[in-house]
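**Student:** Here you go, sequence then predicted model.
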Amino acid sequence: MAQLQVRVRGEVLRVLTLSRQLSIGRTPDNGLPLRDPSVAIRHAEITAEVGALLLTDLTGGEGVTFVNGHRLSPNQPHRLEQGDEIQIGPFTLAFLADPSVTAEAARPAGRVDVQGELAARPARPPLPTFTAERPPHDGLALYTEFLPPFFQESEFLGRYLKIFEAMWEPLQRRQDSIELHFDPRVAPPQVLGWMAGWLGLPLDPHWPEGRQRAWMREAVTLYRWRGTRYGLSRALETVYGLTPVLREDTAQPHTLTVQLLDSPDGEDTASREAITQFIFTHAPAHVRVTVEFVEAPATAAPADPGLQPVEAPDTGPRA
């Protein structure tokens, strides 16, 4: 039976046995979750046809999927052959139609479950926002074109119609592209807070504009994962550009340690108190959370002096 070997930087993470259908994406509800910001929520899909397995890119051009170094066209099935290597973000998926590996790679033994890899990413610059064009102030009004030729020659009538044109033309042009005003990627900055009120989202005005737009775009999807480890990790990546390492020790149930790099200098800089409060808000409600900050570029173990823990007050479960 065909298998799929998942590797990152040459290290084998797991080996999957392929069945009739396998979805590949960033969120845990996929058959193969690949937790990296460069992976789309629904990135690709492998389906079984008569005597073949087909790989289809589902990103619609917003993401990138390579097979043996060649980029796949969106929504165009590609037949997989023995030894094909699929590149999705930092992951390499090796297709083994006649595998020598017969079992999934075993998870390392131990009592501590560790998830994630420390990273800090700068915010992407926001796209140019949409602004309705205003009619030119020089010359006669455009509305004179709708009048009989005799009235088009009147200079006074042209100036008079210019008053109404200045009021109605921006509204008309905005109406022609109204969908751009409700797209968080390109909506005017003044509209972001209004849209956040619709969804009941906390939108901190101190966040850089790029972070605010990314948060608005991801928020509805993240509502499904609020209170989970994936939801917490993705929220931190979206708002602060920080990928955490999450640790759970079975010897201490209902505890979670969140390890983070300090925010880099620049417009993305956020105080530790703000990041800690954000974590407490989005962490699972039934656990006690400890936040540890590591001085970049250090990646030392928790016992390192560079770690500075901040513990949540023991006030019982949070609603």
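**Tutor:** In hand now; what should we look at?

**Student:** domain assignment for the chain?
**Tutor:** 3-96, 113-124+195-311 (automatic domain parsing).

**Student:** Format these as TSV; extra columns: distance to residue 171 and mean pLDDT.
**Tutor:** From N, CA and C alone the C-beta is placed, and that goes for glycine too. Listed next are the domains of the chain as TSV, based on distance: least, CB to CB, whole Å; pLDDT from 0 to 100:
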stretch	distance to residue 171	mean pLDDT
domain 3-96	31	88
domain 113-124+195-311	20	78
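
**Student:** Can you say which of those domains is nearest to residue 172?
**Tutor:** In terms of CB to CB, the element of the domains of the chain nearest to residue 172 is domain 113-124+195-311, at 22.6 Å.

**Student:** just how off-centre is that closest one within its chain?
**Tutor:** Computed by CA atoms, centre = their mean, to the nearest Å, the chain-centroid distance of domain 113-124+195-311 equals 14 Å.

**Student:** quick one: residue 22 and residue 46 touch, right?
**Tutor:** Yes: taking contacts as CB atoms under 8 Å, residue 22 lies within contact range of residue 46: 4.4 Å.

**Student:** Give me the buried positions along stretch 207-218.
**Tutor:** For stretch 207-218, burial by neighbour count (16 or more other CB atoms under 10 Å) applies to 207-208, 210-216, 218.

**Student:** just stretch 56-63 next, same as before
**Tutor:** By 16+ other CB under 10 Å, the buried positions in stretch 56-63 come out as 56-59, 63.

**Student:** Flag every buried residue along stretch 278-295.
**Tutor:** Quick answer for stretch 278-295 (16+ other CB under 10 Å): 278-279, 282-284, 287-294.

**Student:** tell me the average confidence for the helix ranked longest in the chain?
**Tutor:** Determined from DSSP state H, the single longest helix within the chain is helix 155-176. Mean pLDDT, computed over helix 155-176, is 76.

**Student:** on that earlier part again, got a markdown table for the domains of the chain, with distance to residue 188 too?
**Tutor:** A markdown table is the format used below for the domains of the chain (distance: least, CB to CB, whole Å):
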| stretch | distance to residue 188 |
| --- | --- |
| domain 3-96 | 23 |
| domain 113-124+195-311 | 10 |
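
**Student:** Which residues are in contact with residue 281?
**Tutor:** Counting by CB atoms under 8 Å, 6 or more residues apart in numbering, residue 281 touches residue 202.

**Student:** just checking, it is part of a helix?
**Tutor:** Yes: the assignment for residue 281 is a helix, going by DSSP: H, G, I helix; E, B strand; the rest coil.

**Student:** how much space between it and residue 257?
**Tutor:** Distance check for residue 281 against residue 257: by CB to CB, to the nearest Å, it reads 17 Å.

**Student:** And whichever strand or helix holds residue 231, what's buried?
**Tutor:** Assessed by DSSP states H and E, residue 231 sits inside helix 229-240. Across helix 229-240, burial judged by 16+ other CB under 10 Å covers 229-240.

**Student:** With distance to residue 149 added, can I get those residues in TSV?
**Tutor:** Converted to TSV, those look like this (distance: CB to CB, whole Å):
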residue	distance to residue 149
229	72
230	67
231	66
232	69
233	68
234	63
235	63
236	66
237	63
238	59
239	60
240	63
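
**Student:** Nearest to residue 76 among the residues you listed?
**Tutor:** Within these, distances to residue 76 taken as CB to CB reach their minimum at residue 234, with 28.7 Å.
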